[in-house]
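Student: what's the 3D shape of this:
(chains A and B)
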Protein chains: 2
Amino acid sequence: VKSVAAAVVPGHRRDVTTFDATPRTTVRRLADRASYDVDLVHSILDEGLLAHVALNDDAHGPVVLPMTFARIDDRLYLHGALANRVLRGVADGQPVCITVTLLDALVMSRAAFHHSMNYRCVVVFGRGVRVTDRDEMLAASAALVERMEAGRSAQARVPTDDELRRTLIVRVPLVEVSAKVRTGPPIEEPDDLSLPVWGGIVPMSLVRGDPVLDGLP
Amino acid sequence: VKSVAAAVVPGHRRDVTTFDATPRTTVRRLADRASYDVDLVHSILDEGLLAHVALNDDAHGPVVLPMTFARIDDRLYLHGALANRVLRGVADGQPVCITVTLLDALVMSRAAFHHSMNYRCVVVFGRGVRVTDRDEMLAASAALVERMEAGRSAQARVPTDDELRRTLIVRVPLVEVSAKVRTGPPIEEPDDLSLPVWGGIVPMSLVRGDPVLDGLP
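Tutor: As a prediction, the model looks like this:
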């Protein structure tokens, strides 16, 4: 296992293929479902459209909110309004946990106890930094648009300086990262196989519908 | 606005129609998207299949993980293995934040800055209690199965006492709760309407596929 530190420098280093496990990314339960594979982590992040971002607010305790995000190389970019309290906390460098989950299937066992879900999930621990460099802000903005529709970042109007001032973009390095994946059929107890109930999975997929134009000229 | 306290007693009180806003559920940003309507909150929770559950771990800081859950009346039930570290913390009564997010559409503006997402989201603050009463555990187990397929809780084998001992079910009362919803087309700047790029939404939906049987006898 090579150090991931090298992967944090700008540009994606293809020779770094796994993240180092740390005390908080070492998956204890069902460790066979855990992975630190960089390509797997990237594929989950790139497919996910929403991240759930958690921090511990001094006044309110733990808070978790959904946010849009994009990945560029080994960096995650969160995006929101200047007034977003949680994102401001992340921008201030408070410890953050960011989780992206893809639901792949409902797992239907013959036993209530063995019902489960197939999923792919990435958990990122770290601290964020507010992005103030204009070029980096524009790159993150383009990445956020591009993942909503391939090619669109070249079509949509680029943010003005005033819009950039009203935008909070936070960079979180992908260093302390783990993935967890469940696949396959349900677990069944041998005695349950004769019960008159089916076992298997119900595939779930997030489907894009046809665009609905706003009808403006 | 009536107090929600009455809604916490067993049985759903239909006369309580809104949650009271508290300092941490008062939505500051884009407050017009906030709602404390009980029926709206319930509808979002009942449609969501995964919750993102956050707590602050003494050793590791904020942690957020996806979990299955079910609602019964004014109670949320989280479900997992005894060894699940985060769920154990919730069962121990540590402050928890639980967020359920439904993605409804990608919002495609002519300007990169105004790209957004339509979503419905519920955020619950509170403290959990481990459920140890056998009848309540069975009711929660049935609710968890039932939401995966209507009618299935009457077909799947009921948990044995040994299975219940290996299951951690945590009840979180729905008291400090808010919803946030974005709908509709993108915001556009008047000057952008002449640009050669379309504006509108791409509807997103989580679709159930046809069951894939496991082929066991």
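Student: got a pLDDT number for residue A:58?
Tutor: Looking at residue A:58, its pLDDT is 84.
Student: can you give me the neighbour number for the closest residue to residue A:183 other than its chain neighbours?
Tutor: On the basis of CB to CB, 6 or more residues apart in numbering or on different chains, the spatially nearest residue to residue A:183 that is not a chain neighbour turns out to be residue A:118, at 5.5 Å. To be clear about C-beta, it is placed using only N, CA and C from the backbone, and glycine gets the same treatment. Residues within reach of residue A:118, counting by other CB atoms under 10 Å in any protein chain shown, total 20.
Student: can you pull out the strands in chain A?
Tutor: A:34-35, A:50-57, A:61-72, A:75-81, A:95-108, A:116-127, A:129-130, A:167-173, A:176-182, A:200-208, A:212-213 (DSSP state E).
Student: any stretches of chain A with poor pLDDT?
Tutor: Filtered on pLDDT under 70, chain A yields the residue ranges A:1-16, A:28-31.
Student: 80 - rerun?
Tutor: A:1-16, A:26-32, A:217 (pLDDT under 80).
Student: now do the same contact list for the residue nearest in space to the middle of it.
Tutor: By CA atoms, centre = their mean, chain A has its centre lying nearest to residue A:100, at 3.0 Å. Applying CB atoms under 8 Å, 6 or more residues apart in numbering or on different chains, we find residue A:100 in contact with A:44-45, A:48, A:50-52, A:69, A:121-122.
Student: try it again with 7 Å
Tutor: Each residue near residue A:100 by CB atoms under 7 Å, 6 or more residues apart in numbering or on different chains is listed here: A:44-45, A:48, A:51, A:121-122.
Student: among those, name the buried ones.
Tutor: A:44-45, A:48, A:51, A:121-122 (16 or more other CB atoms under 10 Å in any protein chain shown).
Student: closest to residue A:75 among the residues you listed?
Tutor: In terms of CB to CB, no member of those lies closer to residue A:75 than residue A:45, at 10.7 Å.
Student: now the closest one: how far from residue A:93?
Tutor: Distance, residue A:45 to residue A:93, by CB to CB, to the nearest Å: 21 Å.
Student: thinking again about what came up before, the residue nearest to the centre of chain A - nearest residue in space that isn't next to it in sequence?
Tutor: residue A:48 (3.9 Å).
Student: residues contacting the closest residue to residue A:19 other than its chain neighbours?
Tutor: Spatial nearest neighbour of residue A:19, chain neighbours left out: residue A:36 (4.3 Å); criterion: CB to CB, 6+ apart. The contact partners of residue A:36, taken as CB under 7 Å, 6+ apart, are A:18-19, A:21, A:178.
Student: tell me which residue lies farthest from the centre of chain A.
Tutor: residue A:194 (40.4 Å).
Student: name the residues that touch the helix ranked longest in chain A?
Tutor: When chain A is parsed with DSSP state H, its longest helix is helix A:134-146. Residues from elsewhere that reach helix A:134-146, judged by CB under 7 Å, 6+ apart: A:68, A:70, A:72, A:77, A:79, A:131, A:152-153, A:156, A:158-159, A:164, A:169, B:112, B:115.
Student: go on, stretch A:65-75?
Tutor: A:7-8, A:10-12, A:42, A:45-46, A:50-53, A:76-80, A:86-87, A:139-140, A:143-144, A:147, A:171, A:173-174, B:99, B:101, B:117, B:119, B:121, B:123.
Student: next one: stretch A:162-172
Tutor: So stretch A:162-172 is contacted by A:75-82, A:84, A:87-88, A:90-91, A:96, A:98, A:124, A:126, A:128-131, A:134, A:137, A:140, A:159, B:113 (CB under 7 Å, 6+ apart).
Student: apply 6 Å and report the result again.
Tutor: Contacts to stretch A:162-172, defined as CB atoms under 6 Å, 6 or more residues apart in numbering or on different chains, come from residues A:75-80, A:82, A:87, A:90-91, A:126, A:128-131, A:137, A:140, B:113.
Student: now do the end-to-end distance for it.
Tutor: End-to-end distance of stretch A:162-172 (CA to CA, to the nearest Å): 24 Å.
Student: pull out the buried residues from that stretch.
Tutor: A:163-164, A:167-172.
Student: cool, and stretch A:203-211?
Tutor: For stretch A:203-211, the neighbour count (16+ other CB under 10 Å) marks A:203-204, A:211 as buried.
Student: likewise stretch A:20-27?
Tutor: Neighbour-count burial for stretch A:20-27 [16+ other CB under 10 Å]: A:24-25, A:27.
Student: how far does that stretch sit from its chain's centre?
Tutor: Put simply, stretch A:20-27 sits 17 Å off its chain's centre (CA atoms, centre = their mean, to the nearest Å).
Student: are it and chain B in contact anywhere?
Tutor: Yes: residues of stretch A:20-27 contacting chain B under CB under 6 Å from any CB of the partner chain: residue A:24.
Student: got a list of contacts for that stretch?
Tutor: In this structure, residues lying in contact with stretch A:20-27 by CB under 6 Å, 6+ apart are A:4, A:34, A:36, A:125, A:176, A:178, B:60.
Student: bridging residues for the residue nearest to the fifth one when sequence neighbours are not counted?
Tutor: Which is residue A:176. Once flanking residues are discounted, residue A:176 sits nearest to residue A:125: 4.2 Å by CB to CB, 6+ apart. Beta-bridge partners recorded for residue A:125 (DSSP bridges): residue A:97, residue A:176.
Student: wait, residue A:125 touches residue A:177, no?
Tutor: No: using CB atoms under 6 Å, residue A:125 is not in contact with residue A:177, being 7.7 Å away.
Student: compare the two (neighbour count), which wins?
Tutor: Set side by side, residue A:125 and residue A:177 show more neighbours around residue A:177, with 27 against 20, by other CB under 10 Å.
Student: quick one: contacts for the more buried one?
Tutor: By CB under 6 Å, 6+ apart, residue A:177 lies in contact with A:19, A:41, A:124.
Student: ok, now residue A:123?
Tutor: Contacts of residue A:123 by CB under 6 Å, 6+ apart are A:99, A:178.
Student: cool, residue A:199 as well?
Tutor: Residue A:199 is in contact with A:109-110, A:186, A:188, B:214, counting by CB under 6 Å, 6+ apart.
Student: before we move on, what about residue A:57?
Tutor: Contacts of residue A:57 (CB under 6 Å, 6+ apart): residue A:63.
Student: if it is in a bridge, with which residues?
Tutor: Beta bridges link residue A:57 to residue A:61 when assigned by DSSP bridges.
Student: please report how far it lies from residue A:86.
Tutor: Distance, residue A:57 to residue A:86, using CB to CB: 8 Å.
Student: same check, this time on residue A:216
Tutor: Taken as CB to CB, the span from residue A:216 to residue A:86 is 32 Å.
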